[in-house]
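Student: coords please:
(3 chains)
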Amino acid sequence: MAILKVENLNKNFGKIRAIQKVSFEAPEGKVLSLLGPSGCGKTTTLRCIAGFENPDDGKIYLDNRDITNIPPEKRGIGMVFQNYALWPHMTVYGNLAFGLQIREISKEEINKRIKKVLEIVQLSGYEDRFPRQLSGGQQQRIAMARALVFEPEIMLLDEPLSNLDAKLREEMRFEFTEMQKKLGITAVYVTHDQAEALVISDKIVILDQGKIIQSGTPKEIYAHPINKFVAGFIAISSFMEGEIDSFIPEEKKVIIKTNDGLIIHGYNNNLSLGQKVAVTIRTNVIKFVEEKELDLQEKINIFRGKIIQASYLGNTIDYRIKIGRWEVRTNSDAKYNFRVGEEVFFYLPPEEIVITSLI
Amino acid sequence: MGYSLKKELNLKENKKEVGEKYSHLTSPLLPYLLVLPAVMVIVLLYLYPFLASFWKSFIGKDGILSLSNYQKTLNLYRMDIIFTFGVTVLSTLIATCLSILLSVYLKLSKSWLAKQIGILYRLPIFLPYVVVAQMMRSFLAPHGILNLILAKSGLIDIENPLQFFNWVGLTFGFVWKEAPFMVLIILAGFQMIDDSYIEAAKSVGAKLPQIITKILVPMNKSNILVAATLVFCSLVGCFSFPYMLIGGKTPGTITIDIAHRVNYFGDYGVANALGVFSYLMVSLLAVYYIRSMMKKGLYE
Amino acid sequence: MPKNWIIKTIEIIIFIIFLFFLLVPLLSTIIWSIALRWYWPNTFPQEIGLDYWLQALGMIKSLTLGAVNVIPAFLLSLGIAIIVVLLTMSIAIPAGYALAKLRIPKFLKGLILILFLLPRAFPQQPVFINLMLVFNKIGLTGTVGGVILVHLVVSIVYAVWITTSTFSSIPPELEEAARSVGASRIRSFLKITLPLSAPGLIASAVFVFLTSMDEFTGTFFIGIPFVTTLPMTLYSASGSNIQFASVIAILLLVPSILFMIIIQKFLKAEYLGGMGG
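Tutor: From the prediction side, this is the model:
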C-alpha cells in the first residue's frame, strides 16, 4: 500500500495544454477517481503517473519516492487498460506470468500467485485459455488480475469498464469495489461516468479542460458542487440563473432574484450581494403541490409552471416544466399524472437546491 | 503488498542506475537513431544520384554548364520521347478500362467462373518483368505461338505472320502485367461499396452501364486514380521489358535510349537529359501520388 | 429464362478469352523449355525432352550454342538475396518501429515519408546511371558489393513501408501493458511487439528476397559484366537461345508465385506493383 502524490503536473501536446497544474493526493488503500468529460486531461494525468508520458513540469511521488523520471517498468504500478491490452499470443497463464518471470520468481511461486489471483477474479481454471476465447467481462477480469498479480504498490485503471454493456458494468463495479477493499490496494480510477465515480470512489477529482475543478469525497461533491459545470456533470440537473438580492443572516439564507422576477431562497454563505449565481435543481428535489394545499405550505419557493413534456420511464415520469423563461426537469413517481399543457405548482426545498457562483 | 517488488528493485539497484542514466541520454534521440540508417541509405544511394541526374544533364561534353545535352536529346530522340509517352498513355488507358471492367465483373458476378478468374488474374502481378519479357518474346514472336494459332485458325496468312515486336507487343505486355495489379486495387475499392447502393440504383431503373459509370466508378475514383498513376509512373521507367522486346529497333523507349547512350557512347549528359524528360513525364502524376499517399497516411 | 442463358454464354466466352491471354504466354514458355526441335509452322514441337533443363542445371555437359549453366547464377542470386534480406531488414525494422511507435515531429515524419515515396513515383533507371558514376569512383561497379547496395536501395523502400504498417497495426497499449508489469523497452519489444508482428515482418522479408532475386535494372548497370545474377543470364540467353531463356524464366517464376501465394494476404495491394521492375 502506498500514497501517491501528484504535484503541479503540466503537460502540453504541441499547442494543446493537456493538463495544467494538476495536484492531488491519492489516500492509502483507497480509490481515487479522476472524473471528467473526454479531453479533460484525466487520461493524460494517468499516463503521466504510469510513466507513458513525461510531464513537462511537476512531480509525482510514490510513498515520498520521486518517480517522475523513472521509466514505467521500474515504477511498480499495475495498470488496467481501457481495451484490456491482453497479449493475444499468450494464454491467460502467459499473460499473468509475464511480469513475474521478469522478476525471476520461482516457478512454484508463480503458479501459486496465479492460482490465487485467478481465485480473486473468480476465473480459476482458465489458465490455458487465450484472450480471444474469453468474453468481454472475463477479459476485463484477467486484465485486473494481470495488474494485481505482481503485487504492485498502486493500481491505475483507465476507464476499465467502458467497453462492457450496462448490466455487466454495474456488476463489475461492485466486484471491483469488493476486491479493492479486500486487498486494500491504492487505486487511481479514470472515468467519464459520474455514476461510476460516485459508487466506487473514496475521493473524486473532477477535471475540465486540463484543470482540476473540484476534489473531495463523493458526498461532498454531490452535496456541494463548486460550480455549474460540476453540478451539471455530477447529476442530471436543471439550472436557473440570477443574482443575490438579499441575505437572511439569522437563517444563513440567501435570496436570489432571477432577471424575470422569480425569488428563490437557498443556502450558501460564501456569496456577496449582487453576485451572479446559478441555482442547480436536481431532478429528485422538486415536490409537486396540489392547488388546495397551497395555503398549508410555506410561502417561499413555491412556483407555478406549465408541463411542456412528459415521458414515461417505467414507474417514473420525466416532466419538463416551464417557469418564466426557465425550464426544469423532474423525475417524479407516477402518483402525479399531469398532461402536457397543464399548470402545476411545485416546491423547491431551500436546503436541497444548490447555489453556486456563476463563473 | 509491494514488499516483494521493492526487494527485487533493491537487488537490481546498481544495474538500474546505469540503465537509467543510459536511457535518459538516449530516449529523446532513440527514434532518430533508429530511422537514421534507412534515411541514410535513401539519401546517399537514391536522393544524391537522383539530384545528380538533374545537375549532370546541364553539363555538356566540355564540362561547361549548357543546354547542349537537351539540344542533342531533342534532335536524336524526339520521336522516342513521343513514342514512350504514347505507349505509356495507351497502355495505362487500356489497362484502366480493362481492369475496371474485370473488377466490375468480379464484384457483381457470384458464379463459379468468376471465382476462378478472381484467383487466376493475380498471376501476372507476381512475375518480374524479365520473365514477362521472355514469355512475351516466345508468345508474340513472328513465329511464336500467337501467330501460330492465328495462322492455324485461318485468320492470317501463314507466310506473313504479324509483327508484334513494336508498340503493339509493348502495349500488350504492359497491359498483361499491370492490369491485374490495377484490378487488385480497384476491386478492393469496389468491395467496400455496399451492395445496397447498386440495388438502390437498380430499383430506380439503372442498367449495368449506368451502374458502372454513375455508381461504381465515381464512388471508387480515388483508388482508380492511384492505381492508374502507379501504373503510368512504373511504365515510363520500365527498362527490362522494352529492352528485351524491342531493344535496338526504332522507335524505342527512353529507357532503351538511356542504356544505349551509357553503354555504347559513355554519354552521361544526354542519358541524364533523357532521364529528366522521363521525370517530367511522370512529374504531375508523381506529385499527385505522393500527395494522396501523404493524405492517406500510408503509415497507418 | 432465356436471359440467364445468354449471360451464362457470355460469361463462358469471357472466361475462355481471359484464360487464353493469361495462360498461353506462360504455356508457350513451358513448351519452349522442353522443345528440342520446333519448326514453324508445326502446331507442336517435333521433339520434346528435358535436355535443355539438364544442361541448364549442369547435369549434362553441353556444347549447344548459347548454353548456360544456371547453377552458379542461381547460387549467386540466392547469396545476394539472402545478404540483401538480412541487411534490409536490420535497417528497416528499427526504422519501421520508430516511425510507427515512437514520437517523431510531424514535419520530419512527412519529410521521411516523401523520401520513401520518391523512388516509387519517379523512374529509377536514371538514378542507377548516376549511382554507377559514384560506384565507378569508389570501385564498386561490377562487384557483388555494389549489386547488394543497389538491391538494398530498391528494396528498403518497400521494407520500411511494410514494417511500419505492420508495427502500426499493433495497439500501443500491448507494449505499455508489458512495461507496466516491469518489462524494459527492449524486453517488451522482443516479447510482445516482435512476435505479434512476425507475420508482417516475414512477409516483408520474403518480399525483399523476391525483389532482390528478380532485380534487373540496377544490376544491369552496376553489376554487368562481372556479376551475372539469374535475371542477367536470362537476358543474355534471351537473344541467343530461346530454350535456355525459357528454362531460366520458369526458374525465376516458380519461387515468385509460390512465395507470393503464401504472403500476399499480409501485404497491402499498393506494394505488389513494385515487383521486379
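
Student: for C:L196, what are its contacts?
Tutor: Residues near C:L196 by CB atoms under 8 Å, 6 or more residues apart in numbering or on different chains: A:W87, A:P88, A:H89, C:I170, C:L174. Any C-beta I mention is one placed from the backbone N, CA and C, and that applies to glycine too.

Student: Please disregard the earlier target; I meant C:L115.
Tutor: With CB under 8 Å, 6+ apart, C:L115 has these contacts: B:V39, B:I42, B:V43, B:L47.

Student: Those: which ones sit near chain C?
Tutor: Filtering the contacts of C:L115 for neighbours of chain C using CB under 8 Å from any CB of the partner chain leaves B:V39, B:I42, B:V43, B:L47.

Student: Drop anything exposed from these.
Tutor: For these, a neighbour count by 16 or more other CB atoms under 10 Å in any protein chain shown gives the buried set as B:V39, B:I42, B:L47.

Student: neighbours around residue 201, how many?
Tutor: Chain wasn't specified; assuming chain A. A:S201: 22 surrounding residues under other CB atoms under 10 Å in any protein chain shown.

Student: hm, I was asking about chain B
Tutor: Considering only other CB under 10 Å, B:A201 is surrounded by 16 other residues.

Student: I'd say it and B:Q210 touch.
Tutor: Yes - if you go by CB atoms under 8 Å, B:A201 and B:Q210 touch, sitting 7.0 Å apart.

Student: Need the ones next to chain C among the contacts of C:L115 in CSV (columns: secondary structure).
Tutor: As requested, the ones next to chain C among the contacts of C:L115 are exported to CSV (DSSP: H, G, I helix; E, B strand; the rest coil):
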residue, secondary structure
B:V39, helix
B:I42, helix
B:V43, helix
B:L47, helix
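
Student: Could you point out which of these is nearest to chain C?
Tutor: Within these, the smallest distance to chain C is 5.3 Å, found for B:I42 (CB to the nearest CB).

Student: Figure out the helix or strand that the residue nearest to that closest one when sequence neighbours are not counted lives in.
Tutor: Excluding the flanking residues, the one nearest B:I42 by CB to CB, 6 or more residues apart in numbering or on different chains is C:L115, at 5.3 Å. Using DSSP states H and E, C:L115 sits in helix C:106-121.

Student: Which helix or strand lies directly C-terminal to that helix?
Tutor: helix C:125-137.

Student: by how many degrees do that next one and helix C:106-121 diverge?
Tutor: 100 degrees (axes from the mean of the first three to the mean of the last three CA atoms, to 10 degrees).

Student: Mind giving me the packing neighbours of helix C:125-137?
Tutor: With contacts defined as 3 or more CB pairs under 8 Å, 6 or more residues apart in numbering or on different chains; DSSP states H and E, helix C:125-137 has these neighbours: helix B:48-57, helix B:254-265, helix B:268-296, helix C:144-168, helix C:217-222.

Student: A:K276: neighbour count?
Tutor: 14.

Student: Ok, A:R65 next?
Tutor: By other CB under 10 Å, neighbour count at A:R65 equals 13.

Student: Check C:A159 too.
Tutor: Per other CB under 10 Å, the neighbour tally for C:A159 reads 29.

Student: Surely B:A206 and B:T213 touch.
Tutor: No - at 9.7 Å, B:A206 and B:T213 do not qualify as touching, with contact defined as CB under 8 Å.

Student: the more surrounded of these two?
Tutor: Between B:A206 and B:T213, counted using other CB under 10 Å, the more crowded position is B:A206 (16 against 12).

Student: Quick check: the gap between the more buried one and chain A.
Tutor: 42 Å (CB to the nearest CB, to the nearest Å).

Student: which SS class is that residue?
Tutor: Criterion first, three-state DSSP; result for B:A206: coil.

Student: And B:L34, how close does it get to chain C?
Tutor: Distance from B:L34 to chain C, counting by CB to the nearest CB: 4 Å.

Student: how about the helix or strand hosting that residue: buried residues?
Tutor: In the assignment (DSSP H and E), B:L34 maps to helix B:30-42. Residues of helix B:30-42 classed as buried: B:L30, B:P31, B:L34, B:V35, B:L36, B:P37, B:A38, B:V39, B:V41, B:I42 (neighbour count, 16+ other CB under 10 Å).

Student: burial measure for the closest residue to the first one other than its chain neighbours, as a count.
Tutor: In space, not counting the residues next to it along the chain, B:L30 is nearest to C:L102; the distance is 6.5 Å by CB to CB, 6+ apart. Applying the criterion other CB under 10 Å, we find 14 residues in the vicinity of C:L102.

Student: A:P350 now?
Tutor: Applying other CB under 10 Å, we find 18 residues neighbouring A:P350.

Student: sorry, back to before: need the buried residues of helix B:30-42 in TSV with pLDDT and distance to C:S256, can you?
Tutor: Converted to TSV, those look like this (pLDDT from 0 to 100; distance: CB to CB, whole Å):
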residue	pLDDT	distance to C:S256
B:L30	87	37
B:P31	90	35
B:L34	93	31
B:V35	94	30
B:L36	95	32
B:P37	96	28
B:A38	96	25
B:V39	96	29
B:V41	96	24
B:I42	96	25
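
Student: if I've got this straight, A:V279 is in a strand?
Tutor: Yes - assigned with three-state DSSP, A:V279 falls within a strand.
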